[in-house]
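**Student:** 3D model of this:
(chains A, B, C and D)
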Protein chains: 4
Amino acid sequence: MDSKRAEAFSDGVFAIAITLLVLSLRLSGTGTVTSQLLAAWPQYFAYVVSFLIIGIMWMNHHTILAHVNRVDRPLLVLNLLLLMGIVAVPFPTALVSEHLRDEGGTVATVTYGLVMIVISAGFAGVWIYVATHASSLGAVVPQGALRQSIPGFTLGGSVYVAGTLIARFWSPVAALIIFGALAVYYLFEHLPSPAEESAAGKPPAG
Amino acid sequence: MDSKRAEAFSDGVFAIAITLLVLSLRLSGTGTVTSQLLAAWPQYFAYVVSFLIIGIMWMNHHTILAHVNRVDRPLLVLNLLLLMGIVAVPFPTALVSEHLRDEGGTVATVTYGLVMIVISAGFAGVWIYVATHASSLGAVVPQGALRQSIPGFTLGGSVYVAGTLIARFWSPVAALIIFGALAVYYLFEHLPSPAEESAAGKPPAG
Amino acid sequence: MDSKRAEAFSDGVFAIAITLLVLSLRLSGTGTVTSQLLAAWPQYFAYVVSFLIIGIMWMNHHTILAHVNRVDRPLLVLNLLLLMGIVAVPFPTALVSEHLRDEGGTVATVTYGLVMIVISAGFAGVWIYVATHASSLGAVVPQGALRQSIPGFTLGGSVYVAGTLIARFWSPVAALIIFGALAVYYLFEHLPSPAEESAAGKPPAG
Amino acid sequence: MDSKRAEAFSDGVFAIAITLLVLSLRLSGTGTVTSQLLAAWPQYFAYVVSFLIIGIMWMNHHTILAHVNRVDRPLLVLNLLLLMGIVAVPFPTALVSEHLRDEGGTVATVTYGLVMIVISAGFAGVWIYVATHASSLGAVVPQGALRQSIPGFTLGGSVYVAGTLIARFWSPVAALIIFGALAVYYLFEHLPSPAEESAAGKPPAG
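**Tutor:** This is a model prediction of the structure:
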């Protein structure tokens, strides 16, 4: 299959998943509208963090698939498993939105972190497959790109693991701040254009 | 109509239907968040099975339409009927999610199986039309492709029928496992790329 | 603006609106799952009718925009007003789904018919604009196409008006059957490919 | 990244956000269906205003990105922040729909206005970046376009600020009428095609 069509389908899924995040913005409870709006800050917080994360993941997904000219069945399957994680993001986002301020905040944020760890593993799987099957995919992955990418993936995954542990043993809010900070870091760290990244063999990290 | 536009519209519908599956992930009930999360396993189960099935169907849909250069009105109509089934998938998925653990599990899973049987019939209709109108659609369907494809469609349809009967008379959970196993089978069975499949005249099976 | 981009945006809106119809498939009420499933037949009925109608409208929309090479601001605005009607379809569909069997069925079906009349007017507006501004849009609309199209539009609009009156004064179910029959009629009536329609100057009718 | 892919992703997000507006059309309450339909006028009002606003914003977004051939990381980030505002629009729309007629109408409409002000700032950010980095983005922004665009942006932003103040201190309904009137103004004011606008250096204003 031409990689364009797999990209278009994936783009659609990313676009819908990121837009469905708005569904977790919903007032409920009692009191005046003003007090409900103020009490709903965990919703806005979780919305912003998840939006940035899915946005970054979309950019990274593009960077990975930009390396290949065609996709084969195993890559489609790996991509599908990755998308299965992306699509699920609104679920832990809604969990955190609803429970950050009550006693369920810990388990909600741990669930959030676990979903992110699974997605990171999905990205690593897709990237490793692309890097190790470069020639059959018509890919232009520079020599050594895979090895050079290990620190990037290790960083991303480690931060999600650390955040999940922090959520579990210390503070869900701190964990969410860490997840958001990681997204912001990747927003500004990857300022070179994808073409440059590709040229330099720098891998996307998710 | 150029087949590209029909593909793009269909891709959009597939992408949205697969993403709406997340809406059936929603805690409800009483108890701690942890106990609710654990009790919601039917939701995760149904989410994974339906996600894989729609994902496979998307790939098969692409494989079929990759054979043709243009679509005519009857093919558009058949495709629309097929999409009507795909779009409905989140409904039985939500049914199964909610009722797998109570006395409604049987009827929920039977409904799920019936929807899958209808969709299989829709795929068969689209494929038969493409194979029998190859020349007028600018299609490159190899001679004998239709005949060779009968076993594939028979297998897929039979498994859905068998699963539905198992749900009815024995165990809804077993039926759902069978539906999921069929999806996984197609994930790994069709490792040759679509171009190869087309060359070999192997039909997509849904 | 190149007409491709307006088409792509419109396609996306059609694809999402048609997929959101599944959200009105939702059991509620009491009794066993089986009895709820049986009692929910108005949901399936409304789902099928609305799905066919939006599907037909998507095809007609494509047929209209296939005539032009570029879109100008007034056409974008007319198209936006048309899409405002399309996007709203899930609302009367949900109304009919919920109320067809109770005393609210009449007003629900009348609302449904009114939305369809508004959409028909939107299609007429877009088509008249295209036909009367053919040269500035790089359009290949044959001479006389506009005049020849009047019967088509009159038929579609008349059936919606008649159905709405029938819903008001006689039977909501009969009106819904008429709306569905009109969609089925257009499915099979327009068997010639859009290229042929365009050549023959036959207009799309919505 | 090629600007086409960023546009396609953005188009998807716009299309989904505009379509999700239908979810705030939902009857609730008591009384006959007729009385509920009549009492729901704030829903229709907010639906129309938000639909027009997102539609206009989509056109303006297209006009801006039509200037560039490629997008770099900072532009992707600015675009992502802008989309974060667009995606949120259904939330204040639902707020206004629900509360326009009760004592929460003021805070709901002020929230609506604040979201619009944030989005206006997002558009200004994207436009300023494009205009000041024209050469590196392969952009064809005429000399002086940025300076000439200041009145346009100032007008749009001022009207949103004025509307928000009017909602706070005078009348939420009047504010919503002003927001709608601004959208209608931009619909008809920008009658020249985007190509002409670009040639004349007229900026999009949001």
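
**Student:** Please make it C-alpha for all contacts and neighbour counts, starting now.
**Tutor:** Fine.

**Student:** Can you point out the buried residues in the longest helix seen in chain A?
**Tutor:** Secondary structure of chain A per DSSP state H: the longest helix is helix A:105-132. In terms of neighbour count (16 or more other CA atoms under 10 Å in any protein chain shown), helix A:105-132 has its buried residues at A:105-131.

**Student:** near chain B, which of those show up?
**Tutor:** Filtering these for neighbours of chain B using CA under 8 Å from any CA of the partner chain leaves A:107, A:108.

**Student:** Spell out which residues of chain A are next to chain B.
**Tutor:** Close to chain B, as judged by CA under 8 Å from any CA, chain A has residues A:1, A:9-10, A:12-13, A:16-17, A:72-74, A:77, A:80, A:84, A:87-88, A:90-91, A:104, A:107-108.

**Student:** got the buried residues for the one helix or strand residue A:179 maps to?
**Tutor:** Residue A:179 is part of helix A:172-189 when elements are defined by DSSP states H and E. Neighbour-count burial for helix A:172-189, counted by 16+ other CA under 10 Å, picks out A:172-173, A:175-176, A:178-184, A:186-187.

**Student:** Could you double-check that residue A:32 lies in contact with residue D:104?
**Tutor:** Yes: between residue A:32 and residue D:104 there is a contact at 7.0 Å, judged by CA atoms under 8 Å.

**Student:** Between these two, tell me which one has more neighbours.
**Tutor:** residue D:104 (17 against 11; other CA atoms under 10 Å in any protein chain shown).

**Student:** how many other residues sit next to the nearest residue to the more buried one once chain neighbours are set aside?
**Tutor:** With sequence-adjacent residues excluded and distances taken as CA to CA, 6 or more residues apart in numbering or on different chains, residue D:104 is closest to residue A:33, at 5.5 Å. Other residues lying near residue A:33 total 20 when counted by other CA under 10 Å.

**Student:** dump the residue contacts of residue A:33.
**Tutor:** Taking CA atoms under 8 Å, 6 or more residues apart in numbering or on different chains as the criterion, residue A:33 is in contact with D:104, D:107, D:108.

**Student:** quick one: stretch A:7-14 to chain centroid distance?
**Tutor:** Distance of stretch A:7-14 from the chain centroid (CA atoms, centre = their mean, to the nearest Å) equals 14 Å.

**Student:** list the helices and strands the strand or helix carrying residue A:167 packs on?
**Tutor:** Per DSSP H and E, residue A:167 falls inside helix A:145-169. With contacts taken as 3 or more CA pairs under 8 Å, 6 or more residues apart in numbering or on different chains; DSSP states H and E, helix A:145-169 sits against helix A:105-132, helix A:172-189.

**Student:** Would you tell me which of the ones you listed gets closest to chain D?
**Tutor:** helix A:172-189 (6.6 Å; CA to the nearest CA).

**Student:** How about that closest one and chain D, any contact?
**Tutor:** Yes: residues of helix A:172-189 contacting chain D under CA under 8 Å from any CA: A:187, A:188.

**Student:** Check which helices and strands that helix is in contact with.
**Tutor:** Secondary elements touching helix A:172-189 (3+ CA pairs under 8 Å, 6+ apart): helix A:41-65, helix A:105-132, helix A:145-169, helix D:73-88.

**Student:** how much does the longest one deviate in direction from helix A:145-169?
**Tutor:** What it means is helix A:105-132. 170 degrees (axes from the mean of the first three to the mean of the last three CA atoms, to 10 degrees).

**Student:** helices and strands around helix A:105-132, which ones?
**Tutor:** Partner elements for helix A:105-132 (3+ CA pairs under 8 Å, 6+ apart): helix A:41-65, helix A:73-88, helix A:90-99, helix A:145-169, helix A:172-189, helix B:33-39.

**Student:** Lowest mean pLDDT across those, which one is that?
**Tutor:** Among these, helix A:145-169 carries the lowest mean pLDDT, at a mean of 83.

**Student:** Pull the distance from that one to the chain's centre.
**Tutor:** Worked out by CA atoms, centre = their mean, helix A:145-169 lies 12 Å from the chain centre.

**Student:** That one vs helix A:172-189, what angle?
**Tutor:** 160 degrees.

**Student:** Could you list the buried residues of helix A:145-169?
**Tutor:** A:145-146, A:149, A:153, A:156-157, A:159-168.

**Student:** neighbours of residue A:38, just the number please.
**Tutor:** Residue A:38, neighbours per other CA under 10 Å, totals 9.

**Student:** who's in contact with it?
**Tutor:** Per CA under 8 Å, 6+ apart, neighbours of residue A:38: none.

**Student:** I'd like to know how far it sits from residue D:128.
**Tutor:** Residue A:38 sits 33 Å away from residue D:128, going by CA to CA, to the nearest Å.

**Student:** Residue A:62 and chain D, how far apart?
**Tutor:** 9 Å (CA to the nearest CA, to the nearest Å).

**Student:** between the buried residues of helix A:172-189, which is closest to chain B?
**Tutor:** Using CA to the nearest CA, those come closest to chain B at residue A:172, 14.3 Å.

**Student:** ok now do the residue nearest to residue A:163 when sequence neighbours are not counted, which residues does it touch?
**Tutor:** Leaving out its chain neighbours, the residue that sits closest to residue A:163 by CA to CA, 6+ apart is residue A:175, at 4.7 Å. Neighbouring residues of residue A:175 by CA under 8 Å, 6+ apart: A:109, A:163, A:164, A:166, A:167.

**Student:** out of those, who's nearest residue B:56?
**Tutor:** Residue B:56 lies nearest to residue A:109 out of those, by CA to CA, at 31.6 Å.

**Student:** quick one: contacts for that closest one?
**Tutor:** A:92, A:95, A:96, A:100, A:164, A:167, A:168, A:172, A:175, A:176 are the contacts of residue A:109 under CA under 8 Å, 6+ apart.

**Student:** leaving aside the residues next to it on the chain, what's closest to residue A:118?
**Tutor:** Using CA to CA, 6+ apart, the closest residue to residue A:118 is residue A:85 (6.9 Å).

**Student:** so residue A:178 sits right up against residue A:165, yeah?
**Tutor:** No: if you go by CA under 8 Å, residue A:178 and residue A:165 don't touch, sitting 11.4 Å apart.

**Student:** before we move on, the earlier item: what about the residue nearest to residue A:118, how many residues nearby?
**Tutor:** 18.

**Student:** Pull the contacting residues for it.
**Tutor:** A:115, A:118, A:119, A:122.

**Student:** what about 10 Å?
**Tutor:** A:115, A:116, A:117, A:118, A:119, A:120, A:121, A:122, B:48 (CA atoms under 10 Å, 6 or more residues apart in numbering or on different chains).

**Student:** where does residue A:69 sit relative to residue A:139, distance-wise?
**Tutor:** 6 Å.

**Student:** go on, residue A:66?
**Tutor:** From residue A:66 to residue A:139 the distance is 9 Å (CA to CA).

**Student:** Which pLDDT does the model give the nearest residue to residue A:44 once chain neighbours are set aside?
**Tutor:** Spatial nearest neighbour of residue A:44, chain neighbours left out: residue A:25 (7.2 Å); criterion: CA to CA, 6+ apart. You'll see residue A:25 listed with a pLDDT of 92.

**Student:** Same check on residue A:204?
**Tutor:** Reported pLDDT for residue A:204: 49.

**Student:** Kindly report the same for residue A:67.
**Tutor:** The per-residue pLDDT of residue A:67 was computed as 82.

**Student:** Hmm, residue A:145 and it touching each other?
**Tutor:** No: under the criterion of CA atoms under 10 Å, residue A:67 is not in contact with residue A:145, lying 11.3 Å apart.

**Student:** okay, how far is it across stretch A:61-72, tip to tip?
**Tutor:** Terminal-residue distance, stretch A:61-72 (CA to CA): 16 Å.

**Student:** I should have written stretch A:131-149 there, sorry.
**Tutor:** 10 Å.
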